[in-house]
Each structure stands twice: as structure tokens, then as C-alpha cells.
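*Asks:* Please find the sequence and the predicted model below.
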Amino acid sequence: MKYGRIAGWGKYAPPKVLTNFDLEKMVHTSDEWIVTRTGIRERRIAGEGETTLTMSVAAARQALERAGVRPSDLDLILVATSSPDYLLPPVSSMIQDRLGARCGAFTLVAGCTGFVYGLATAQQFIASGAYRTILVIGAEIISRNIDWTDRNTCVLFGDGAGAVVLQASDAPTGVLSFVLGSDGAGAKHLMVPGGGVAMPFSQRVVDEGAQYIRMNGREVFKFATRVLAQAAIEAVEQSGLTLNDVDLLIPHQANMRIIEVAARQLGMPMDKVFVNLDRYGNTSAASIPIALVEAIQQGRCADNSTVLLVGFGAGLTWASAVVKLGTLEPARYALWRSIPIRAKARARAAVGALSMRVGAMLLPLAQRARVTRR
Ligand code: UT7
């Protein structure tokens, strides 16, 4: 059995920042309410020309570069999103084309939980031996499905993308275990009612504002605090590890209070929990990969760290995964490592020969200069 080592990672956040103070001017809310009820201070909002495609490609290129993998080396691209550029074609194929990859690609919809579902799916293709190199992306532009006059939802969400490259490895790294859950009985608590085939786009959709996210925040809150810790415990048990072996918990970044409840239920101190929702808000399927990338970039994960990913979202869905990180070496080393040994030896020999020839060419010049100086 092969494991899917996380060989590369990347993220993209749109430059436009929307603060709580900006929102105070748009709806009846306050920075104080948003911070105390959610922990969010600001979020990124995609600008003109930015779409799920462009953000995904930006995050993916970083991940590929870090992994030392060319797009043509990819065997599969898997994109978790609830906000694709179009209903058709799938944004995953648009990403495959824009990257210049020649492989299969598909889009996976599991709300905010999508990225963990995607990671678990990718791991199966690698474990079975079907594929060796897979790009997994979580990307969302939730801001385009938000009613900016609805204070119940508009203060919560932000846009962004995160990506990882999984590569087949014999060492037990990558996704060691996972739990996927779904409870469609709670579907109505978080949905966009219009625009699908149940309520195709029409004047009625616009009149009812049915193209926007509708959420029963309290119900989603209760659901999240019920499933998060349980899902985390199950994944850890399946991996054969214990919670003490977990170096960092990376939860879905939706609400600080939800994260604190889950940490308390797990008995995990907050210094072992990664939080960045204060700067990004809830970026749905992008939240866990963006957090993972930032945790690595900020040195919160060391070589061979064990991280516990856990998410929840529309569906209602939940998912958790125990992920063992490999060596978090700089990309240039990874790139160097990806060059075959013989090619490296030939390159070294060529550089050696070239420097000898340059030296031989410069020697007479240096001797002449010495004679002139005398
Ligand atoms: O990825 C999954 C996505 N969804 C979630 O994670 C949502 C989970 N739920 C939550 O995070 C919380 O339920 C919210 C942050 C959405 C709401 O917090 P809450 O403590 O559950 O507040 P609430 O819904 O019980 O509302 C309390 C009050 C209400 O006023 P009344 O009825 O008590 O007078 C709301 O109208 O707060 C009011 N309120 C606001 N006030 C100021 C709701 N939104 C706002 C707002 N600013 N933005």
C-alpha cells in the first residue's frame, strides 16, 4: 500500500480586505458583536476578474512549485468547492486546462467539509496504486452568494483558495485515517435555495433572494459542537494514535466559539489549535487548506508533525483526518530532489568542465594583466 505524502502546499487570498468596521457601514452590526460572537475581525473578498478558477490556479501553482512537480506530472486534479465559476463546465476541468495538466479532473461538493473529503478521496487513488501524483484544491468565492444586507450571514464569510499536492510514498505519511459524515436531515439549515434544478434561475429567484445563502446559525452551531470532537476522536482512534500524539488541531475556521468548544471536549490546549479566522472569516472549503498552509509557513508544524483536520458544513456534513506531514523542506531542495541522480551527476560534471574551460580562458588574460602591472 502506498501513502500520499503532502509534497507541496499553496494558498491564495484576494488582496481586498473587508473589516468589521467596513461592515458596520453596510448593515446593523458592530465590530464588538462580530468579534465576541465569532472571533472574526476581517475577511478577504474577491475582486473583479477573480474567480474560483483564478484563485485555485494561483494556489495550485504554489503547491506544484513547492512539490517540484510539473502540471504534466499530475495524474488527477480534485477540486472541492460550492462556488464554481459555472454550473457547467466543472471548474476542475478549467483549472486542469489553465495549469496545462493532462489528467482527469473533477469537482467535489461537500460544503465547507469538501477539502477533507477531497484529501480522503485522493488518498484512496494513491493507496490503490491507480495514481501517484494528485492535486487537491479547496476554493470558494462565497461572497458572490451572499446577501450583503443580511447581517446573519454577511459578516461570516470570506474568499480564498488552498491547495496541496499528494505524492505516492512508501513511508506512512499523509492521510493516516479519516472519517466522513453526512446528515441530510439538516440540509435546510444551510442552503442556497435558488439556481439549482429544484428552483431554476428565474425572476422568482431574484424576487425572493433565493440565490443567496440562507442559514440557521444556531442550528449549525449546535450541530458543529455535536460532531466536531466526536469525528476528531474517531479519526485518531482509527489511526492507532492518541490525542497526545497530535501536534496541531486544524479545525474548520467558522467560529472561534465552536473551535473552543471542540478543543475543550478534546482536552486540547488552545496552543495546539490553529486559528486564523480572525483574518479570513469562514472561507468554506478553502478554510482548512489555507489554515494548513499557514500553519506550515508559520512554523507551527515541524518535520513529521501529526495534524488533525476536522470540518463541518452544508449537507450537513462533517469530516476529519489524521495527517502525518513529511519533511517540510524548502521547494528548491524538493526541486533538486526531483531531478534524477544521473542527470544531477551530468549537470555537476558539465558545470565542472565549463568552469575549467573558463578558467583556462581567463588565465592568459590574468597573466598579461600581471605583466602590464609590473
Ligand atoms: O461553515 C459552516 C457555516 N456556518 C456556521 O459555522 C454558523 C454557525 N453558527 C454561528 O457561528 C453562530 O450561530 C452565529 C455567529 C451565526 C450567530 O451567533 P449566535 O450567538 O448563535 O447568535 P444568534 O443567532 O442567537 O443571534 C443573537 C442575536 C439576534 O438578535 P435577537 O433576536 O436576540 O434580538 C440576532 O438577530 O444577534 C443578532 N445578530 C446580530 N447582531 C449584530 C445576528 N447577527 C448579527 C450581527 N450583528 N451580524
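*Replies:* Perfect, I can see it now. Residues are numbered from 1 along each chain as shown.
*Asks:* Please list all residues in contact with G162.
*Replies:* For G162, the contacting residues are 9-12, 59, 115, 137-139, 286, 288-293, by Cβ atoms under 8 Å, 6 or more residues apart in numbering. Bear in mind the C-beta positions are built from the backbone N, C-alpha and C, glycine included.
*Asks:* Can you report phi and psi for it?
*Replies:* In terms of degrees, to the nearest 10, the main-chain angles of G162 are phi -140, psi 150.
*Asks:* Would you mind measuring from it to the ligand?
*Replies:* The gap separating G162 from the ligand is 15 Å, by Cβ to the nearest ligand atom, to the nearest Å.
*Asks:* If that residue is in a bridge, with which residues?
*Replies:* Beta-bridge pairing of G162 under DSSP bridges involves K11, G138.
*Asks:* Residue of this structure closest to the ligand, please.
*Replies:* G217 (2.8 Å; Cβ to the nearest ligand atom).
*Asks:* Quick check on that residue: phi, psi?
*Replies:* Backbone torsions of G217, given as degrees, to the nearest 10, read phi -60, psi -40.
*Asks:* could we number from 29 for the rest of this?
*Replies:* With 29 as the first residue, the last one maps to G245.
*Asks:* Around the ligand, pick out the residues from this protein.
*Replies:* 57, 61-62, 65-66, 140, 179-180, 183, 243, 245-246, 248-249, 252, 282-283, 310, 341 (Cβ under 6 Å from any ligand atom).
*Asks:* Now list the buried members of these.
*Replies:* For the residues of the chain next to the ligand, a burial check counting by 16 or more other Cβ atoms under 10 Å picks out 57, 62, 65-66, 140, 179, 183, 243, 248-249, 252, 282-283, 310, 341.
*Asks:* ok so, going back, which ones among the residues of the chain next to the ligand lie within helices?
*Replies:* Counting by DSSP state H, the residues of the chain next to the ligand place W61, I62, R65, T66, R179, N180, G245, R246, V248, F249, A252 in helices.
*Asks:* I'd like those as TSV, with distance to G237 and pLDDT appended.
*Replies:* Below are these laid out as TSV (distance: Cβ to Cβ, whole Å; pLDDT from 0 to 100):
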residue	distance to G237	pLDDT
W61	23	98
I62	22	98
R65	23	97
T66	23	98
R179	14	96
N180	13	95
G245	17	96
R246	21	96
V248	19	97
F249	23	97
A252	25	96
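*Asks:* Just name the closest of those residues to G157, please.
*Replies:* Each of these was checked against G157 using Cβ to Cβ; the closest is A252, at 36.2 Å.
*Asks:* For that closest one, give me its contacts.
*Replies:* A282, N283, I286, A290, F340.
*Asks:* and the gap between it and E70?
*Replies:* Distance from A252 to E70, counting by Cβ to Cβ, to the nearest Å: 22 Å.
*Asks:* now the end-to-end length of stretch 340-351.
*Replies:* One end of stretch 340-351 sits 17 Å from the other (Cα to Cα, to the nearest Å).
*Asks:* no, scratch that, I was asking about stretch 212-219
*Replies:* OK, stretch 212-219 end separation, Cα to Cα: 11 Å.
*Asks:* Quick check: S197 vs T161, distance?
*Replies:* 11 Å.
*Asks:* Tell me which of the two has more neighbours.
*Replies:* T161 (23 against 17; other Cβ atoms under 10 Å).
*Asks:* list the contacts for that one?
*Replies:* T161 neighbours (Cβ under 8 Å, 6+ apart): V97, D101, L102, D103, L104, V193, L194, Q195, A196.
*Asks:* On the pLDDT front, check it for me.
*Replies:* Listed pLDDT for T161 reads 98.
*Asks:* beta partners for it?
*Replies:* With DSSP bridges as the rule, T161 is bridged to Q195.
*Asks:* Mind telling me what element the nearest residue to H280 once chain neighbours are set aside is part of?
*Replies:* Distances taken as Cβ to Cβ, 6 or more residues apart in numbering put G339 closest to H280, at 3.7 Å, once the chain neighbours are dropped. Element membership of G339 [criterion: DSSP states H and E] is strand 334-341.
*Asks:* what about Q325, distance to L356?
*Replies:* From Q325 to L356 the distance is 10 Å (Cβ to Cβ).
*Asks:* about what we covered before: what angle do strand 334-341 and the helix or strand following the strand holding G339 make with each other?
*Replies:* Per DSSP H and E, strand 334-341 leads on to strand 345-352 as the next helix or strand towards the C-terminus. If you take axes from the mean of the first three to the mean of the last three Cα atoms, to 10 degrees, strand 345-352 sits at 170 degrees to strand 334-341.
*Asks:* how about the residue nearest the centre of the chain, what does it touch?
*Replies:* Among the residues of the chain, P317 comes closest to the average C-alpha position under Cα atoms, centre = their mean, at 2.2 Å. Residues near P317 by Cβ under 8 Å, 6+ apart: W37, K39, A87, F143, V164, I165, G166, A189, G190, A191, V192.
*Asks:* Surely the second one touches D187?
*Replies:* No. With contact defined as Cβ atoms under 8 Å, K39 and D187 do not form a contacting pair (11.9 Å).
*Asks:* the more surrounded of these two?
*Replies:* More neighbours surround D187 than the other of K39 and D187, with 30 against 27 (other Cβ under 10 Å).
*Asks:* Now that one, what are its backbone angles?
*Replies:* Per degrees, to the nearest 10, the backbone of D187 is at phi -110, psi 150.
*Asks:* residues touching it, list them.
*Replies:* D187 neighbours (Cβ under 8 Å, 6+ apart): 41-42, 71-74, 78, 83, 168-171, 311, 314.
*Asks:* let's go with 7 Å and repeat that
*Replies:* P42, R72, I73, A74, E168, I169, I170, S171, T311 (Cβ atoms under 7 Å, 6 or more residues apart in numbering).
*Asks:* Much appreciated, bye for now.
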